[in-house]
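# quick one, fold the following:
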Amino acid sequence: MNAVAARLPNPIRVLIADDHRLFAEALEAILAAESSIEVVGRARNGSEALELALELEPDVVLMDISMPVMDGVEATRRIRQARPDACVLMLTGSNATADVDRSRGAGAAGYVTKDRIASELVDAILETAGR
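Numbering: from 1, shown residues only. Purely as a prediction, here's the structure:
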């Protein structure tokens with residue numbers, strides 16, 4: 001466990017938003033091993049992510065950039081408009097500059113490519129949550 005995480009009094013509440021069920025389940029399994037993190041919900045599209053982010057008020061939203069109904073960038077923009085203090089960490093298979101710029105423009109606090117998730121996700125969540 002991360003040394004910073006060991007000192008946290010309350011777990012970081014995380015919402016996972018990804019339209020690929022197996023990938024979302026894998027993320028949840030990775031995070032379940034961390035006592036400093038609690039997964040509070042899963043969304044299958046951007047619209048559901050917006051709804052759950054407002055209802056559950058997670059500390060961090062893990063947001064897939066490319067989803068049906070509403071993409072992750074638009075969902076991030078709307079979440080940040082409704083909850084300016086919300087922290088959104090974008091997840092994507094792409095590291096294209098345009099995607100990074102769109103994500104940051106929508107208010108995302110950070111960006112993790114899916115190929116780096118196993119090694120960087122927990123630290124990125126802790127950093128994004130400011131802990």
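
# how about Met67, what does it touch?
By Cβ atoms under 8 Å, 6 or more residues apart in numbering, the residues touching Met67 are 17-19, 44-46, 49, 75. (C-beta placed from N, C-alpha, C; glycine too.)

# which ones among those residues map onto strands?
Per DSSP state E, strands hold the following members of the contacts of Met67: Ala17.

# of the contacts of Met67, closest to Arg116?
Taking Cβ to Cβ as the measure, Arg116 sits nearest to Asp18 out of those, at 15.4 Å.

# where do the helices sit along the protein?
Assigned helices in the chain, in chain order: 3-6, 21-32, 46-56, 72-82, 97-106, 117-128 (criterion: DSSP state H).

# who are the contact partners of the most centrally placed residue in the chain?
Centroid-nearest residue in the chain, with Cα atoms, centre = their mean: Leu62, separated by 1.1 Å. Shown in contact with Leu62 (Cβ under 8 Å, 6+ apart): 14-18, 27, 89, 91, 121, 125.

# which one is it nearest to, not counting chain neighbours?
Ile16 (5.0 Å; Cβ to Cβ, 6 or more residues apart in numbering).

# separation between the one you found and Ala96?
For Ile16, the distance to Ala96 equals 22 Å [Cβ to Cβ, to the nearest Å].

# and for the residue lying closest to Glu127 once chain neighbours are set aside, the neighbour number?
Distance criterion Cβ to Cβ, 6+ apart; nearest residue to Glu127, sequence neighbours excluded, is Gly110 at 7.0 Å. Applying other Cβ atoms under 10 Å, we find 17 residues neighbouring Gly110.

# please name the bridge partners of Gly110.
Beta-bridge pairing for Gly110 (DSSP bridges): Leu89.

# all set now, cheers.
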